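A.B. asks: The sequence isn't on hand, but the structure is:
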């Protein structure tokens with residue numbers, strides 16, 4: 001659905017990730033966020049806002065998410081594989097869209113640090 005690779009391992013604050021999705025009939029999504037980080041990623045969390053806009057570019061659904069990536073001691077909550085820590089995090093189960101049309105799915109970086117370094121990929125997928 002949404003996917004971004006960061007060749008420089010850096011995500012700027014107002015660099016929105018967006019994709020238009022054509023809905024032809026009532027649809028339900030079970031969405032997850034996947035992300036990978038290298039060891040240089042300093043924060044212990046990732047905060048994003050996921051918004052779905054309708055045909056008229058009005059927010060249809062919006063929600064902020066704060067994911068804890070490290071425990072209270074600063075240890076990653078994932079194993080290091082191929083130089084990155086990989087996460088699959090639930091963001092919206094049973095997101096139902098009943099009206100046909102083109103909807104924009106958008107992911108916004110809401111971290112106070114800009115640019116956010118140490119991030120390699122981020123995606124929203126329908127599981």
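C.D. replies: The structure has been received and is ready for your questions. This structure is a prediction, so every number in the text was calculated from the model and none was measured.

A.B. asks: Point to the residue nearest the middle of the chain.
C.D. replies: Of all residues in the chain, the one closest to the mean position by CA atoms, centre = their mean is residue 33, 4.9 Å from it.

A.B. asks: contacts for stretch 80-87?
C.D. replies: Taking contacts as CB atoms under 8 Å, 6 or more residues apart in numbering, the residues outside stretch 80-87 that touch it are 33-39, 41, 67, 69, 76-79, 120. All C-beta atoms are positioned from the backbone trio N, CA, C, and that covers glycine.

A.B. asks: Endpoint to endpoint, it covers what distance?
C.D. replies: 11 Å (CA to CA, to the nearest Å).

A.B. asks: For it, which residues meet the burial criterion?
C.D. replies: Using 16 or more other CB atoms under 10 Å as the test for burial, stretch 80-87 gives 84, 85, 87.

A.B. asks: Pull the distance from the strand or helix carrying the last one to the chain's centre.
C.D. replies: This means residue 87. Residue 87 belongs to strand 84-97 when assigned by DSSP states H and E. Offset of strand 84-97 from its chain centre (CA atoms, centre = their mean, to the nearest Å): 8 Å.

A.B. asks: Could you check how sure the model is about that strand, as an average pLDDT?
C.D. replies: When pLDDT is averaged over strand 84-97, the result is 94.

A.B. asks: neighbours around residue 48, how many?
C.D. replies: Number of residues near residue 48 (other CB atoms under 10 Å) recorded here: 22.

A.B. asks: which ones are touching it?
C.D. replies: Here residue 48 is in contact with 33, 64, 65, 67, 107, 108, 109, 110 (CB under 8 Å, 6+ apart).

A.B. asks: which is the next helix or strand following the one helix or strand it maps to?
C.D. replies: Assigned by DSSP H and E, residue 48 falls within strand 45-53. Sequence order places strand 59-68 as the next helix or strand after strand 45-53, per DSSP H and E.

A.B. asks: Tell me the helices and strands packed up against that following strand.
C.D. replies: strand 45-53, strand 84-97 (3 or more CB pairs under 8 Å, 6 or more residues apart in numbering; DSSP states H and E).
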